[in-house]
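S.K.: 3D, please:
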Amino acid sequence: MSSSAFPPGRGPNLFILGAPKCGTTSMAAYLQQHPEVAVSEPKETRYYGPYTDVASMTPEAYCESMAHKPGARYRCDATPAYLSDAGTVARIAAENPDARYIVMVRDQADLAFSLHQEFRLSGSETIADFEEAWRACDARRAGKRVPVTCGDARRLLYDHRAAVGKQLAEVLQIIPRERIMIIEMNALRADIAAVWEALCSFLEIEHRTDVDFTAQNLRKTIRFPILLQASAMAFRLKRRLGIRGGMGVGRALKSAAAPVASERESLSPELRAELQTFFAEDSRLLEQAMLSGPHLRVVDGKVAGQDIDHG
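M.R.: Sure thing, here's the model as predicted:
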């Protein structure tokens, strides 16, 4: 087995690989409360990419982002975009051979829809209607209809970003299955205590019961979309010019457009049916990946999976 690319006790040995909008922020918040887990600050370091519009960290800064709990058993990078790129996962596995992994998943149609809303909030997506954005995937793959506020068109390929079954199938060609815990997002809502106990068992850490399980990163809506787009453009311009510090302009724009809590929007029944047909094979791959090793999902209203005991 190859050695880690980082000094002993400094580099990551736990990754929340993905997927975005599947409860990864909540999971990172829960793990951060455990004395044996140091989640990176920021949660999403993006050290390994995969997108080209993000400035890279130095190895020293990357290690330092997880150094706030000296002696912690796990140092966790919680960047959920990693899952979407097999090359990125291969590099992670090669540089961190002893790492364990958590992958959060959900229904692919809901994931695609939620990603669109997230990118609308960040200003990266300028097509307000999800159905139109969904049908623009092929054009964007060809470099068309990519907003100037989005530095890497791959972010907006909802058909690929939500294909977690295919992504996991690729990951399992790289990482031994026993090192990966796959958790269905619905399991967090159904019985977070059971999920937490099983996860602590998987990580071989003390089952702490003093954890605040408040959900994080709840869905919001935008008050002034044009201001968020201007903020995103200002941020990208700073990156291109190599400006690291802030002049306050982007922050002021983003503050004025601050998202507020909203009622949950939903897919139309017709579009949901279309997406479920599109992702049918991916759902089969996801089921196959999940059942092949450590996993937690909801069955008949209860959390089920390896090492789950309902008494």
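S.K.: going forward, measure contacts between C-alpha atoms and count neighbours the same way
M.R.: Will do.
S.K.: what about residue 198, which helix or strand?
M.R.: helix 185-203 (DSSP states H and E).
S.K.: what residues sit buried inside that helix?
M.R.: Within helix 185-203, the residues scored as buried using 16 or more other CA atoms under 10 Å are 185-188, 190-191, 193-199, 202-203.
S.K.: and the pLDDT for the residue positioned nearest the centre of the chain?
M.R.: The chain has residue 80 as the residue nearest its centroid, 2.4 Å off, counting by CA atoms, centre = their mean. Note on residue 80: pLDDT of 97.
S.K.: over to it: give its phi and psi.
M.R.: phi -70, psi -10 (degrees, to the nearest 10).
S.K.: ditto for the one 10 residues further on
M.R.: Dihedral angles of residue 90 (phi, psi; degrees, to the nearest 10) stand at phi -60, psi -40.
S.K.: what's the neighbour count on it?
M.R.: 16 (other CA atoms under 10 Å).
S.K.: for the one helix or strand residue 290 maps to, give the mean pLDDT please.
M.R.: Using DSSP H and E, residue 290 sits in helix 280-291. What helix 280-291 shows for mean pLDDT is 98.
S.K.: need the next SSE after that helix, C-terminal direction.
M.R.: Per DSSP H and E, the first helix or strand lying C-terminal to helix 280-291 is strand 295-299.
S.K.: the inter-axis angle of that following strand versus helix 185-203?
M.R.: Counting by axes from the mean of the first three to the mean of the last three CA atoms, to 10 degrees, strand 295-299 lies at 140 degrees to helix 185-203.
S.K.: gap between residue 164 and residue 90?
M.R.: Using CA to CA, to the nearest Å, residue 164 is found at 16 Å from residue 90.
S.K.: please read the previous query as pertaining to residue 281.
M.R.: In terms of CA to CA, residue 281 sits 24 Å off from residue 90.
S.K.: so where's the stretch 51-200 of the chain uncertain?
M.R.: Within the stretch 51-200 of the chain, no stretch has pLDDT under 70.
S.K.: okay, strands next: where are they in it?
M.R.: Here the stretch 51-200 of the chain has its strands, by DSSP state E, counting those that start in this stretch, at 74-77, 100-105, 180-184.
S.K.: the first one: how far from the chain's middle?
M.R.: The reference is to strand 74-77. The chain centre lies 15 Å from the centre of strand 74-77; the measure is CA atoms, centre = their mean, to the nearest Å.
S.K.: using CSV, write out every CA atom in that strand.
M.R.: Written as CSV, here are the backbone C-alpha positions of strand 74-77 (Å, rounded to 0.1, in the frame of the first residue of the first chain):
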residue,chain,number,x,y,z
TYR,A,74,-10.2,11.7,11.9
ARG,A,75,-9.4,14.7,9.8
CYS,A,76,-12.4,15.2,7.5
ASP,A,77,-12.7,17.0,4.2
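S.K.: that strand: partners in the sheet, and parallel or antiparallel?
M.R.: Sheet pairing for strand 74-77, assigned by DSSP bridges, gives strand 14-18 (parallel), strand 37-39 (parallel).
S.K.: kindly reformat those as CSV containing distance to residue 160, mean neighbour count and mean pLDDT.
M.R.: Formatted as CSV, these follow (distance: least, CA to CA, whole Å; neighbours: other CA atoms under 10 Å; pLDDT from 0 to 100):
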stretch, distance to residue 160, mean neighbour count, mean pLDDT
strand 14-18, 13, 25, 98
strand 37-39, 27, 26, 99
